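A.B. asks: sequence below, structure please.
(one chain, ligands or ions: 1)
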Amino acid sequence: MLHFVTTNPGKVREATEYLDDEVRQFDFDYPEVQADDLGTVAAQGARDAYRTAGGPVIVDDAGLFIDAFDGFPGPYSSYVEDTVGVERVWRMTKPEADHSAAFKTVIAYCDGESFDATPDPGGVDRGERRGQDLAAAERDTATTDEQVREGDGESVPVKLFEGWVPGDIVAPRGDGGFGFDPIFEHDGRTFAEMSTEAKNAVSHRGRALAKFAEWYAGRDTGTE
Ligand code: ITT
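C.D. replies: As a prediction, this is how the structure comes out:
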């Protein structure tokens, strides 16, 4: 059993397509560290959540990065959704010449066991702007490992899986999905106009989940 530690049932709905009965929502509002890259927030969240859940966990830290605002709200998307609101984010973006944006996510896995490499998670959010060639961006979002020494000297390794998708901020359309989906258009449709399957096929979370599901299947059978 794998716990998806989140207060957001929309994230879990999207994950079940990749992880079937394997995944259950664990509704725990883990304390989010203040950091401007998703990887750091997700990694620390996974460690805290693992300690609370006591078994294998994933957490997903995601955000909407608007190019005209130098990536804002990014890691602060949840706060901005609750305070400014989705509709007003669209109205703030409307006068700008550039409406391009990206959704990004980092899924962090922790089960208390050890993994290998330990690259810096600070690279997760960087160099993924629209306009770069996709191959370079895909390289940047390749799976990374991270392992940090805790204060007591015990290591709690976390494995990170990243995904992003480019799009445009548009007037709200559609009533599916969650969060900023109604104002995020990709290939002529907003994410709120897509079924869960259609969104997963192109979305940041779908890409990260596909990488995680492949690795996790190998880990289950000891072939990763
Ligand atoms: P948990 O932290 O409990 O998982 P959350 O919704 O607060 O739930 P985040 O901290 O990762 O999740 O915040 C993500 C924010 O970005 C939140 O405002 C979401 O609405 C938005 N967001 C992330 N992925 C999205 C998606 O696929 N579609 C629409 N909005 C998304």
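
A.B. asks: buried ones in the lengthiest helix in the chain?
C.D. replies: Using DSSP state H, we find that the single longest helix of the chain is helix 204-221. Neighbour-count burial for helix 204-221 flags 204-213, 215-216, 219 (criterion: 16 or more other C-beta atoms under 10 Å). All C-beta atoms are positioned from the backbone trio N, CA, C, and that covers glycine.

A.B. asks: could those go into a markdown table alongside distance to Phe184 and pLDDT?
C.D. replies: Below are the buried residues of helix 204-221 laid out as a markdown table (distance: C-beta to C-beta, whole Å; pLDDT from 0 to 100):
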| residue | distance to Phe184 | pLDDT |
| --- | --- | --- |
| His204 | 10 | 98 |
| Arg205 | 12 | 97 |
| Gly206 | 14 | 97 |
| Arg207 | 15 | 97 |
| Ala208 | 16 | 97 |
| Leu209 | 18 | 96 |
| Ala210 | 20 | 95 |
| Lys211 | 21 | 95 |
| Phe212 | 22 | 94 |
| Ala213 | 23 | 93 |
| Trp215 | 27 | 91 |
| Tyr216 | 27 | 90 |
| Arg219 | 32 | 75 |
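
A.B. asks: hang on, the earlier thing: how about the longest helix of the chain and the ligand, any contact?
C.D. replies: Yes. Helix 204-221 is in contact with the ligand by C-beta under 6 Å from any ligand atom, via Arg205.

A.B. asks: nothing else from me, thank you.
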